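> Just to be clear, the model below is a prediction. Sequence and coordinates:
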Amino acid sequence: MTAVFVHGVPDTHRVWRPVMERLDRAGAVALSLPGFDAPLPEGFTATKDEYVSWLIRELERFDGPVDLVGQDWGSLLVTRVASLRPDLVASFVGGGAPVSGEYVWHKAARLFQQPGAGEKTMAGLNEITGVRLLMANGVPEDQAREAARQIDGRMKDCILRLYRSALTVFPEWEPELSSIRALGLVLWGGRDQYASARFADRMGEQTGARVVHFPDCGHWWQCEAPERTADEIAGFWRELGR
């Protein structure tokens with residue numbers, strides 16, 4: 001059975017490298033979302049639903065259901081696909097992204113969603129400011145620099161389109177969480193600046209997943225604590241017989 005990792009914003013597949021290197025899982029795959037150091041399919045307009053459809057098509061390429069792992073927007077997409085296509089998902093790991101009508105988008109997201117303000121914010125996002133942003137959220141400097149180097153005009157445009165398509169994503173997607181049949185694991189940083197850790201417990205209640213808190217980590221727990229993250233995922237997979 002294949003393990004598939006999905007990144008968030010403003011990341012690429014590279015964000016999962018430190019965790020994957022610590023996992024004894026042959027054939028594991030880390031995907032890059034279209035526009036995030038990856039080409040855009042013809043006609044792709046980078047909405048939330050297009051990214052869901054894209055991930056479904058990617059998973060359909062594998063022989064049987066997969067163990068799916070995501071963080072940030074990757075987690076949103078993972079839980080959405082698990083709710084819509086349970087035949088494709090054997091298990092899921094997610095975190096850093098609530099799927100709750102109680103959640104209000106964080107400040108940066110609200111800026112992205114405003115025409116004019118979003119473009120101004122993106123104009124100020126470059127390799128230097130990207131490194132500062134990521135390091136302020138606990139990402140180690142070497143990983144922050146690697147991630148910031150990938151931020152280009154295409155990624156910025158996709159981020160704006162994605163967030164502007166997601167004004168009401170939480171009340172839209174929350175009801176379908178009850179359709180998830182895969183066993184799950186929720187990982188969450190106690191110092192997450194974008195989503196309170198209480199949403200981890202809420203996601204556990206919504207999906208029946210086991211919840212693990214990393215009290216001393218921020219939003220990018222897989223970067224701050226790759227060994228602990230790998231240990232938790234490996235333990236979860238062992239329980240499933242992987």
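Ah, there it is.
> C-alpha only now, for contacts and for neighbours.
Noted.
> Could you measure from residue 83 over to residue 235?
According to CA to CA, to the nearest Å, residue 83 stands 24 Å off from residue 235.
> So the two - more neighbours on which side?
Taking other CA atoms under 10 Å, residue 83 and residue 235 do not tie; residue 83 has more neighbours (23 against 13).
> Which strand or helix spans the more buried one?
Assigned by DSSP states H and E, residue 83 falls within helix 73-84.
> Give the full set of residues in contact with residue 15.
Going by CA atoms under 8 Å, 6 or more residues apart in numbering, residue 15 touches 7, 143, 147, 222, 223.
> Give me the mean pLDDT for the helix holding residue 83.
Helix 73-84 shows a mean pLDDT of 98.
> Need the contact partners of it.
Contacts of helix 73-84 (CA under 8 Å, 6+ apart): 6-9, 51-52, 55-56, 68-70, 88-89, 92-99, 173, 176-182.
> then it to PDB, C-alphas only?
Output in PDB follows, covering the C-alpha atoms of helix 73-84 (Å, rounded to 0.1, in the frame of the first residue of the first chain):
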ATOM      1  CA  TRP A  73      -4.100  23.100   3.000                       C
ATOM      2  CA  GLY A  74      -2.700  19.500   2.400                       C
ATOM      3  CA  SER A  75      -4.800  18.400   5.400                       C
ATOM      4  CA  LEU A  76      -7.900  20.200   4.200                       C
ATOM      5  CA  LEU A  77      -7.500  18.400   0.800                       C
ATOM      6  CA  VAL A  78      -6.800  15.100   2.500                       C
ATOM      7  CA  THR A  79      -9.900  15.100   4.700                       C
ATOM      8  CA  ARG A  80     -12.100  16.400   1.800                       C
ATOM      9  CA  VAL A  81     -11.000  13.500  -0.400                       C
ATOM     10  CA  ALA A  82     -11.400  11.000   2.400                       C
ATOM     11  CA  SER A  83     -15.000  12.200   2.800                       C
ATOM     12  CA  LEU A  84     -15.800  12.200  -0.900                       C
END
